[in-house]
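Engineer: this one's structure only:
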């Protein structure tokens, strides 16, 4: 998914791009799609022309077992596995090794059409100096923002990404479940929840960098409304209740730290959350 997304985005940015796709069915599907007309598609590494940069876009768990040494064709090798450092590319000799990982949700472009997820994305970057220079240039060419990952920060960086991209989906699934269970029309509810999430994120994006994100917070916790919070927890199924309660505890403490709530309001909210856990 990320390889196909990167290939079209890099080609649109003016780079000559080759996409190696070993799966025959997927290779054929890409060939039938006009969006990849300007991308060189190959199914065999031997058919790939030499380039300036190799970018590995395998899943994190697959990268350690990849035939890295045999597949290297360029003086710079980057990978896009957010949880791994450039050390995973050590089997490739004589090249500058680095990481280029986008903080962007990239669904399969063959099944989810439209959008440009990499434009405006922040890219986690680390590795050898020469590789970092190339990765930063590619990030900027894609309309993104390079983020240097200092030694030892890779796992924390990836955990932050998982909290944002993956846990958000868990919250939306719980929201969809409670709404549909109450008889709300599913497709309209889904569109409404996605729009609400998008506008909530837009509000956070407008909070100045020197202000806490809770300045953009709305809802029961922001108002210190323990009665509404109790009602919400009562109607949620157990998994949704656990998610909402854990998130609300964190939001309560964050709002208290920024003086958004009085000590009395904090105590009422935490009591409501303790009662319903």
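Structural biologist: Arrived safely, thanks for sending. Here the structure is a predicted model, which means the values were calculated and not measured.

Engineer: Secondary structure of residue 19: a helix, I assume?
Structural biologist: No - if the criterion is DSSP: H, G, I helix; E, B strand; the rest coil, then residue 19 is strand and not within a helix.

Engineer: residues contacting the closest residue to it other than its chain neighbours?
Structural biologist: Leaving aside its sequence neighbours, residue 19 sits nearest to residue 7 (CB to CB, 6 or more residues apart in numbering; 4.2 Å). Glycine gets a C-beta too; all of them are placed from N, C-alpha and C. Residue 7 sits next to 17, 18, 19, 36, 39 when contact means CB atoms under 8 Å, 6 or more residues apart in numbering.

Engineer: So the first one sits against residue 39, correct?
Structural biologist: Yes - Residue 17 lies in contact with residue 39 (CB atoms under 8 Å); the separation is 5.3 Å.

Engineer: Mutual contacts of these two, please.
Structural biologist: 7, 11.

Engineer: Looking at those two, which one has more neighbours?
Structural biologist: Applying other CB atoms under 10 Å to residue 17 and residue 39 shows that residue 17 carries more neighbours, namely 22 against 19.

Engineer: Residue 141 versus that one, what's the distance?
Structural biologist: Counting by CB to CB, to the nearest Å, the gap from residue 17 to residue 141 is 11 Å.

Engineer: can you check residue 66 too?
Structural biologist: 25 Å.

Engineer: Compute the mean per-residue pLDDT across whichever strand or helix holds the residue nearest to residue 19, please.
Structural biologist: Taking DSSP states H and E as the definition, residue 7 sits inside helix 2-12. Helix 2-12 shows a mean pLDDT of 93.

Engineer: Now the residue lying closest to residue 216 once chain neighbours are set aside: phi and psi?
Structural biologist: Nearest non-adjacent residue to residue 216, counting by CB to CB, 6+ apart: residue 203, 4.1 Å away. Taking degrees, to the nearest 10, you get phi -60, psi -40 for the backbone angles of residue 203.

Engineer: Nothing else from me, thank you.
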